[in-house]
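Novice: quick check, what structure comes out for this input:
(one chain, ligands or ions: 1)
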Amino acid sequence: ASGSEENDVVVIGGGPGGYVAAIKAAQLGLKTTCIEKRGTLGGTCLNVGCIPSKALLHSSHMYHEAKHSFANHGVKLSSVEVDLPAMMAQKDKAVSNLTRGIEGLFKKNKVNYVKGYGKFISPSEVSVDTLEGGNTVVKGKNIIVATGSDVKSLPGITIDEKRIVSSTGALALSEIPKKLIVIGAGYIGLEMGSVWGRLGSEVTVVEFAPDIVPTMDAEIRKQFQRSLEKQKMKFMLKTKVVSVDTENGVKLTVEPSAGGDQTTLEADVVLVSAGRTPFTSGLGLDKIGVETDKAGRILVNDRFATNVAGVYAIGDVIPGPMLAHKAEEDGVACVEFIAGKHGHVDYDKVPGVVYTHPEVASVGKTEEQAKALGLGYRVGKFPFMANSRAKAIDNAEGIVKILADKETDKILGVHIMAPNAGELIHEAVLAINYEASSEDIARVCHAHPTMSEALKEAAMATYDKPIHI
Ligand code: FAD
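Specialist: Numbering: from 1, shown residues only. The predicted model follows:
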């Protein structure tokens, strides 16, 4: 159906950036085609990222709760076992339901979907090697590159997705490894480490830097690391991986980041989660002269336009937080600009969530950032130990921390560690986007008993005193 007919918008990549851009473009009345090579829509996020990881985090959490917490609540089970194939099947069902759902949304919104590998032949033409075999040329007045990112491997380490896995392999292991070593203490490593740790793996996280999740507020990070350590996750920080040997089992040679004596660690499976890299392979960007930076990210202006007229880029393939919701916002704003409307994304107010247990969620500045910027700020904190709902459900680990401007009380940053922090954060996201003060949050009536009351009390603590502590 794409044929040689010209589209208003062609999107290369059907991930959260690309599929959202395509749907929005069609909704705005633009003739739109989306090209995706994977065979399913939803990109990294739905197929091998956000969704399967959250499915396994939930299933493994239920197992862990049944084994370790149900009895405290008077629920007795005679035995609790893991059925790994059933757990994986549940995850696969969630993924396929959602990816098929996007195909349905494409049909509903009349987005033309071409399955195949796209590459530029000119700034307004994409040649597609289709999955069925054969080739078609898709033309567009505007072309949006939304090709996302791929796993970053480490020098000297070959990922086989069996014993040395990326996050993709870690989402589909056929057995629970006795010993799992995670290279990289970012959110993906900690989430996947949590999944397998709950199912019984001995998990060691090796990290080059002195801290886990370096972007996190340091005070929250300290508590978070302690919590993960209580869950028996081991950390080797300031540690560098020198080599990996897969002759007999997997042996990992490490040394202090600053240099020093080497040690050898043994594992059944090693997860390499040392970051992600923009994916533009085979796209023909150089052919049409699109500029990229040293890291391979496509450079765009504040309207998502590249240096080549009519060519735009969004999501993980451009600079900014590599998150699905950021890619979606980019997609909507980019298409709004193309349609002659006004789009808007503020990267300083994109929330970040680590979906471990407890979860850690944040928006805005950390205390370290506020200091570095020389901002005058006040801090309000409230622990969930003093929150009635958290106590009622015996899940009171965590804290809310708010930073507000010393003069104006305007909220600068909010950091939450709590079982459902990823949901709780959105009140703060809304507040910070509307430039609210901490007093604005404190004076809003919050339902009792809820975890959200901790946010209200932390807000009170920022400019006055909280009630319950
Ligand atoms: P992608 O999702 O990578 O999609 C790009 C698509 O383009 C791919 O499907 C690819 O096949 C296709 N493509 C590439 N080149 C071509 C071509 N030449 N022709 C045709 N098609 C092409 N983010 C969150 O916000 N929350 C989370 O909880 C979260 N969890 C994650 C867990 C894991 C394990 C991983 C790996 C990532 C996670 N992320 C999470 C990050 C999130 O997946 C990405 O930020 C998001 O998918 C980026 O969207 P995108 O559309 O830019 O790119």
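Novice: list the residues that contact whichever residue of the stretch 351-469 of the chain sits closest to the ligand.
Specialist: Of the stretch 351-469 of the chain, the residue with the smallest distance to the ligand, taken as Cβ to the nearest ligand atom, is Tyr355 at 5.8 Å. For every residue, glycine as well, the C-beta is placed using N, CA and C. Taking Cβ atoms under 8 Å, 6 or more residues apart in numbering, we find Tyr355 in contact with Ser53, Lys54, Leu57, Tyr187, Glu191, Gly422.
Novice: and if you look at Glu407?
Specialist: Under the criterion of Cβ under 8 Å, 6+ apart, the neighbours of Glu407 are Gly376.
Novice: distance of it relative to Arg378?
Specialist: From Glu407 over to Arg378 the distance is 10 Å, taken as Cβ to Cβ, to the nearest Å.
Novice: now swap in Val353 and tell me
Specialist: The separation that Val353 has from Arg378, given Cβ to Cβ, amounts to 25 Å.
Novice: likewise Glu255?
Specialist: As judged by Cβ to Cβ, Glu255 and Arg378 stand 43 Å apart.
Novice: what of Arg226?
Specialist: Counting by Cβ to Cβ, the separation of Arg226 from Arg378 is 25 Å.
Novice: wait, is Lys24 part of a helix?
Specialist: Yes. According to DSSP: H, G, I helix; E, B strand; the rest coil, Lys24 belongs to a helix.
Novice: spit out the contact partners of it.
Specialist: Residues near Lys24 by Cβ under 8 Å, 6+ apart: Gly331, Val332, Val335, Glu336.
Novice: try it again at 10 Å.
Specialist: When the contact criterion is Cβ atoms under 10 Å, 6 or more residues apart in numbering, the partners of Lys24 are 9, 30, 32, 109, 111, 328, 331-336, 338-339, 343.
Novice: which of Arg226 and Arg378 has more residues huddled nearby?
Specialist: Looking at Arg226 and Arg378 with other Cβ atoms under 10 Å, you find the greater number of neighbours at Arg378, namely 16 against 11.
Novice: thought that one was touching Glu439?
Specialist: No. The pair formed by Arg378 and Glu439 falls short of the contact definition of Cβ atoms under 10 Å, at 11.4 Å.
Novice: which bits of this structure sit near the ligand?
Specialist: Within the chain, the residues that sit near the ligand (Cβ under 6 Å from any ligand atom) are 12-18, 35-38, 43-45, 49-50, 53, 117-118, 146-149, 167, 188, 279, 282-283, 315-316, 322-325, 327, 355.
Novice: skipping adjacent residues, who's closest to Ala146 in space?
Specialist: By the measure of Cβ to Cβ, 6 or more residues apart in numbering, the closest residue to Ala146 outside its immediate chain neighbours is Gly18, 3.3 Å from it.
Novice: give me the neighbour count for that neighbour.
Specialist: Number of residues near Gly18 (other Cβ under 10 Å) recorded here: 30.
Novice: wait, Ala94 sits on Gly42?
Specialist: No. In this structure, Ala94 sits apart from Gly42 without contact. The criterion is Cβ under 10 Å, and the distance is 11.2 Å.
Novice: phi and psi next, for the closest residue to the ligand within the stretch 301-450 of the chain.
Specialist: At 2.2 Å from the ligand, Gly315 is the closest residue in the stretch 301-450 of the chain, using Cβ to the nearest ligand atom. Main-chain torsions, Gly315, degrees, to the nearest 10: phi 80, psi -150.
Novice: out of the contacts of Lys24, which one sits closest to Phe384?
Specialist: Using Cβ to Cβ, Glu328 is the member of the contacts of Lys24 that sits closest to Phe384, with 30.1 Å.
Novice: for that closest one, give me its contacts.
Specialist: With contact taken as Cβ under 10 Å, 6+ apart, Glu328 is in contact with Gly15, Pro16, Gly17, Gly18, Tyr19, Val20, Ala21, Lys24, Cys45, Ile314, Gly315, Val345.
Novice: ok, it to Pro419 distance?
Specialist: Using Cβ to Cβ, one obtains 25 Å as the distance from Glu328 to Pro419.
Novice: for Val111, same thing?
Specialist: For Val111, the distance to Pro419 under the criterion Cβ to Cβ works out to 38 Å.
Novice: okay, those two: which has more neighbours?
Specialist: The residue with the greater number of neighbours, taking Val111 and Pro419 and applying other Cβ under 10 Å, is Val111; the counts read 27 against 19.
Novice: show me what contacts the more buried one?
Specialist: Contacts here follow Cβ under 10 Å, 6+ apart; on that basis Val111 touches 9, 11, 14, 19, 21-27, 30-34, 41, 102-103, 105.
Novice: cutoff 6 Å now
Specialist: The neighbourhood of Val111, defined by Cβ atoms under 6 Å, 6 or more residues apart in numbering, consists of Ala22, Ala26, Thr32, Cys34.
Novice: quick check, nearest of the residues you listed to Ala392?
Specialist: Comparing every one of these with Ala392 (Cβ to Cβ), the shortest separation belongs to Ala22, at 45.0 Å.
Novice: can you get me a residue count around that closest one?
Specialist: 33.
Novice: next one: Ile393
Specialist: Ile393 has 12 nearby residues by other Cβ under 10 Å.
Novice: circling back to that earlier point, among the contacts of Lys24, name the ones in strands.
Specialist: Assigned to strands by DSSP state E, the following of those qualify: Val9, Thr32.
Novice: rewinding a little: would CSV of the contacts of Glu328 with pLDDT and secondary structure be doable?
Specialist: Rendered in CSV, the data for those read as follows (pLDDT from 0 to 100; DSSP: H, G, I helix; E, B strand; the rest coil):
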residue, pLDDT, secondary structure
Gly15, 98, coil
Pro16, 98, helix
Gly17, 98, helix
Gly18, 98, helix
Tyr19, 98, helix
Val20, 98, helix
Ala21, 98, helix
Lys24, 98, helix
Cys45, 98, helix
Ile314, 98, coil
Gly315, 98, helix
Val345, 96, coil
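Novice: in this structure, which residue is closest to the centre?
Specialist: In the chain, the C-alpha closest to the average C-alpha coordinate belongs to Leu323, at a distance of 4.6 Å (Cα atoms, centre = their mean).
Novice: identify the residues contacting that residue.
Specialist: Leu323 makes contact with no residue, according to Cβ under 6 Å, 6+ apart.
Novice: ok, now Ile425?
Specialist: Taking Cβ under 6 Å, 6+ apart as the contact definition, Ile425 lies against Pro351, Ala361, Val363, Ile416.
Novice: that concludes my questions; thank you for your assistance.
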